[in-house]
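Visitor: Provided below for reference: sequence and predicted model.
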Amino acid sequence: MKSLTYLLFGIFPFFLQFEQSRIGRQPSHFAPVKNLGTVTLEEKEIKSIREEYNRINALRLNAERFSYAQKDCIEDGKITYYSSAGKILKVTDKAAMDDAVWIREYYYKDGAVFFCFEHLEWGAAAGPTHVSEYRFYIKDGKSIRETENKKIVNLKEKAAEVIALAQKALTVKAKRNFGDLYCDKTE
């Protein structure tokens, strides 16, 4: 029985090649997988971002919490700065405005944002509530991947807005004017 098994497995690849050349194509269940085992540069960068994200969340960080509100703009805001060795590594911002509530998390390495997460709930008081989650993977100040509800999508404009907010979150801390994240001073 062993010799029959060896014979069949030894002959089968040759028979398959013969059949493929005879009919001029590969059977669909033997179609080659393209780029099997290769990892793109973008995937390596995403993996690196995820590793840094996990590293930061595993740290024991110091937290500074602030509440804020600004008439006709932000009804209720809470922002928390997480730091280690005097460097801000993470900022969470929970706020409400009109019919929207959101949580944003910004992650920093060497003072530059590298990842943003946003959980957004919105809807009219009498209607259904809509929920969306966004993730922005950032390298050198530019988004390299955006996801909405765990699907890769093109949200470059929203990404640019979120990256600007992440940088602004660092600057408003010094003056404690947190409402300026979202509220236009000229109004």
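Guide: Perfect, thanks for sending it.
Visitor: Every contact and neighbour count from this point should use C-alpha atoms.
Guide: Noted.
Visitor: taking the mean pLDDT, what do you get for stretch 164-181?
Guide: Averaging pLDDT along stretch 164-181 yields 86.
Visitor: With stretch 100-107 instead?
Guide: For stretch 100-107, mean pLDDT rounds to 94.
Visitor: For stretch 76-90, C-alpha coordinates in CSV please.
Guide: Listed next in CSV are the C-alpha coordinates belonging to stretch 76-90 (Å, rounded to 0.1, in the frame of the first residue of the first chain):
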residue,chain,number,x,y,z
ASP,A,76,-19.0,68.6,27.1
GLY,A,77,-15.4,67.7,26.5
LYS,A,78,-12.8,65.7,28.4
ILE,A,79,-9.3,65.4,27.2
THR,A,80,-6.5,63.3,28.8
TYR,A,81,-2.8,63.5,28.1
TYR,A,82,-0.8,60.3,28.7
SER,A,83,2.9,60.7,29.1
SER,A,84,6.1,58.8,30.1
ALA,A,85,9.4,60.5,31.0
GLY,A,86,7.9,63.9,30.2
LYS,A,87,6.9,62.9,26.6
ILE,A,88,3.2,62.8,25.6
LEU,A,89,2.6,59.4,24.0
LYS,A,90,-1.2,59.4,23.8
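Visitor: Could you chop the chain up by domain?
Guide: Following automatic domain parsing, one gets these domains for the chain: 1-32, 41-181.
Visitor: which of the residues in the helix or strand hosting His119 are buried?
Guide: Element membership for His119, per DSSP states H and E: strand 112-122. In terms of neighbour count (16 or more other C-alpha atoms under 10 Å), strand 112-122 has its buried residues at Ala112, Val113, Phe114, Phe115, Cys116, Phe117, Glu118, His119, Leu120, Glu121, Trp122.
Visitor: show me the contacts for the closest residue to Ser84 other than its chain neighbours.
Guide: The shortest distance from Ser84 to any non-neighbouring residue, by C-alpha to C-alpha, 6 or more residues apart in numbering, is to Leu61 (5.5 Å). Shown in contact with Leu61 (C-alpha atoms under 8 Å, 6 or more residues apart in numbering): Tyr82, Ser83, Ser84.
Visitor: Ala100 now?
Guide: By C-alpha under 8 Å, 6+ apart, the neighbours of Ala100 are Leu120, Glu121, Trp122, Gly123.
Visitor: does the third one have beta-bridge partners, and which?
Guide: It refers to Trp122. Ala100, His130 (DSSP bridges).
Visitor: Contacts only, for it.
Guide: Asp99, Ala100, Val101, Thr129, His130, Val131.
Visitor: which one of those is nearest Phe66?
Guide: Minimum distance to Phe66 across the contacts of Trp122 is 17.2 Å, recorded for Val101 (C-alpha to C-alpha).
Visitor: That closest one and Ala85, how far apart?
Guide: As judged by C-alpha to C-alpha, to the nearest Å, Val101 and Ala85 stand 32 Å apart.
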